[in-house]
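Enquirer: missing the sequence, but the structure's below:
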């Protein structure tokens, strides 16, 4: 049993490394075959061939792809993602500046959807096949069918102009906050600035809701379904026949088993969302990874594209791997 | 036929199909008899919903920033977006199916290579990869379809492969192999029937996903081009005026929402029916 | 253990915090300092004057660094800045600049002619995007501590307006890492910069003029103009740069806001590929010029936030000939149809579908302008397909001459008609359209090399007439520049050259 898990762990680890390697190559190729180049993007209509050529030469982009790739890899293995051509600064720094913003937003959205989604799902499962169940199950499908591009802007207007709450960005720029962790909600508290904390808290709600509404609906559905599934199983029926109190059956027997698939699904979604939602980050002026990638793509800032997408991919692949391993640990019948 | 009846008796599926039918009928009627041209620019900019026009029809959904009838455009877009969705699911589904079958049935090195290839596609978050591919190919409807199709292939490939693996070792297939029946025959006769139900379910759910993808690509400017009506494009232009006129952005959004909802309802119902234990509750890749 | 109760308590607690924070604590911000918050859709990329070649970065750099030459308030006319005066030799090949005395960098270094030379040579060595602007310079001579001489490769009258560009801003020779820690002579210094999020500038108390009236300028970046508008209306920002044209009308009615606007120098046009069929046919090009409903574009779509462009030059620049408004093209679909028939394509018969490439990522309204043009041309029988590309893809096709038609705007590097005529219409310029008229080539060269203003006006007058007659473009419009601000913001002046100066701004 244990040996099984260890060997599965290593198998998954090797697979992940291969995936990351593959991602590095794909991103490199994709960014280079994008039409145009960073010099053209910055020079605009005045980019004569000579101007482009000399700027590209200055940036080391006149070398052939293989040479560029080997330079990139040799720096990458030292943990250096290279320098942005256009901004002239290190990509490591850029990514580290942006990552906490995306992370904080997604964690916040997740907390909302778990806190609401799981209890609601359990509640509906208990009342399954009633009218209430039908209503909630259908509304939960509504939630994840709604286009985020519209939901985001409507929430922005509702919170900003309807409720007169602060929107846009992570914090009112007039607050000066010393950065410790990069997470605004924690940093404001560490600074002992309650007013700033409240401001940051209010600002994170609308973008987090934009992400959380579909996610919550998803959680409700998964929770309902997996709780129902466990409730139908024999050991639960036995427990009920033994006349154990209902709450004990629910929490000791049913939930413990039902939570496994829920956590799995949540993990997978977390992996997707933490990569940054370009549309939400644009609407709410949220300086996250998604925007960084989009800005880099539109400027053809190769090093930033490569670096940011690589970091995102690594997070994504690792979370997936962890979820798989967890799942294997819990239910070794499943094979990847 | 009995099975079809049972499927249709599932409420969610019935609601889904009804919604789709209604939208499709409105859309066909609109295309056939609308007095408005979808690309006709007029001075009647941002007329509110139900404003009267020079024609017998009022502007049911109002007019947009170029004075075009939003109702007509929204339902032209219905046909376009549904076709895009079908094209994407068709392309990625059939490629995914073939890859999944080959990988699952042959196993060994072929399986390893194909699945690692799929892993690489999955290793880059879907929307980012779709953006990159669409940007490389150039902004157009066809390229956006190709981009989304490529990104969604692994979903089907993984699904099909896992089903093939689960039935490959079963007694009747081993028996069929023993009897010297050819691989192709085994696949079509004995394995496919197991795949089809789950495959169709997944494809239905992916259809809604594909529509959201196409709209999102057009929204950021990498998909359909003006003056072609498409929901994402209509929303992306309409939202710039949303504080002045909400209708050009909200109505396409609502119709898109209903369409996606309908596919989700059908897919969800099918999944409950075909796979009550949810062995293959595959997560949609956003 | 009671699972649902714990969760219920958490939910209630969080709800309580939210409600409390909404209704109870709405603490006002205490501001002992004078702060101005600027919201903008422009995201600065670099703050090194040797590398800056985009408006977003220039807006910030202009406030940290001073160029040699500035502008008179609110105009495109040149005024002394770090150079007190300048003069040229007879044929405009040698330019002498007299540097202001007693100017100090943020780090205390005193500005001398040596430093000016060092800064420009540094920019030449770095070969950044704007470095081509320095190609006209052959060598730099130091005359004395405060006098510097530029020897040019060829006669170039507009040199002083070129010297207003940010690449001519001296940088401190003792500074390291100018990308992240700029050290200039400007009215503000950079305190912090979170890329893509915000920049904080603080007043330079030792500025060579009076110190700025505001202690701190915070520049916050809003990638989405709708969010910018919401922030402006809510009073979260004092000044907004990048409000969309269609929002102007509504915001003007808001009693808390005011606008400062100026006729810009940017021009927007529809270019055609004269190397190809059918655009090598002048009659067809003229037909297109008559087919476009300019009034709809400017008044309905852009809500009057732009002025009509009748010829190659915007009205605000030296040498603009008002006559062009009489002989320029106006919307006349009948004339367009007639000309199209004369061109050999009656009702568009025999024409293939033409491709119009645009990039709407920087100017969202361009997509709709293109849609109007597409429809206008369809009405006279020309079928057009719009392709909206991202900026780099668009430019690549533009430079490879892989297009039928394109729409783009042009921002001058120096405010002189030379920077429109030569790059855009001379065959030795960028020659995007493949336009080739030897008369234009000759006149443009002559105008660039002459020192006599009267003669230059004559030459540009002639040039405008010839170019309009040849119709290599459909001339579209000149977008106005405007900045919205709260009523209590005073002193803001907008310059046509997209120079945004925070120095005189203060809050009443």
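Expert: Looks like it arrived, so ask away. All values reported here derive from a predicted model rather than from experimental measurement.
Enquirer: tell me the contacts of residue A:106?
Expert: Neighbour list for residue A:106: A:211, A:270, A:273-274 [criterion: CB atoms under 8 Å, 6 or more residues apart in numbering or on different chains]. In short, each C-beta sits where N, CA and C put it, glycine included.
Enquirer: So residue A:221 sits against residue A:137, correct?
Expert: Yes - at 7.0 Å, residue A:221 counts as touching residue A:137 under the criterion of CB atoms under 8 Å.
Enquirer: Of the two, which one has the most company?
Expert: residue A:221 (21 against 18; other CB atoms under 10 Å in any protein chain shown).
Enquirer: Double-check that that one belongs to a strand.
Expert: No - secondary structure of residue A:221 (DSSP: H, G, I helix; E, B strand; the rest coil): helix, not part of a strand.
Enquirer: how about the residues of the stretch 151-300 of chain A near chain C?
Expert: Residues of the stretch 151-300 of chain A lying near chain C by CB under 8 Å from any CB of the partner chain: A:153, A:156-157, A:160-161, A:163-170, A:172-175, A:194-195, A:198, A:201-202, A:205, A:247, A:251, A:255, A:281-285, A:287, A:291-292, A:295, A:297-300.
Enquirer: ok so residue C:140 is a helix residue?
Expert: No - under three-state DSSP, residue C:140 sits outside any helix and is assigned strand.
Enquirer: Any idea what it is bridged to?
Expert: The partner list for residue C:140 in beta bridges (DSSP bridges) reads residue C:150.
Enquirer: that older thread, reformat the contacts of residue A:106 into TSV and put distance to residue C:301, pLDDT and neighbour count next to each item.
Expert: Formatted as TSV, the contacts of residue A:106 follow (distance: CB to CB, whole Å; pLDDT from 0 to 100; neighbours: other CB atoms under 10 Å in any protein chain shown):
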residue	distance to residue C:301	pLDDT	neighbour count
A:211	34	90	23
A:270	43	80	19
A:273	37	80	23
A:274	40	75	23
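Enquirer: Looking at those residues, which are in helices?
Expert: Judged by DSSP state H, the subset of those located in helices is A:211, A:270, A:273.
Enquirer: which SS state does whichever residue of chain A sits closest to chain C fall under?
Expert: Closest contact between chain A and chain C, by CB to the nearest CB, is at residue A:36 (2.6 Å). Three-state call for residue A:36 (three-state DSSP): coil.
Enquirer: so how far is residue B:127 from it?
Expert: According to CB to CB, to the nearest Å, residue A:36 stands 21 Å off from residue B:127.
Enquirer: Ok, residue A:46 next?
Expert: 33 Å.
Enquirer: just for the chain, where's the confidence low?
Expert: Using chain A here. For chain A, applying pLDDT under 70 flags the ranges A:1-2, A:234-236, A:240, A:251-252, A:276, A:327, A:330-336.
Enquirer: Wait, chain C was what I had in mind.
Expert: Across chain C, residues meeting the criterion (pLDDT under 70) sit at C:1-5, C:7, C:18-32.
Enquirer: Any residues of it in contact with chain B? List them.
Expert: Residues of chain C lying near chain B (CB under 8 Å from any CB): C:225-226, C:229, C:244, C:246-247, C:250, C:296, C:300-301, C:360-361, C:364, C:367-368, C:370-372, C:374-375, C:378, C:385-390, C:393.
Enquirer: Relative to chain A, which residue of the stretch 101-250 of chain B is the closest?
Expert: residue B:120 (3.3 Å).
Enquirer: Confirm that that residue lies within a helix, as I assumed.
Expert: Yes - the assignment for residue B:120 (three-state DSSP) places it in a helix.
Enquirer: out of the ones in helices among the contacts of residue A:106, who's nearest residue B:80?
Expert: Comparing the ones in helices among the contacts of residue A:106 against residue B:80 with CB to CB places residue A:211 closest, at 28.0 Å.
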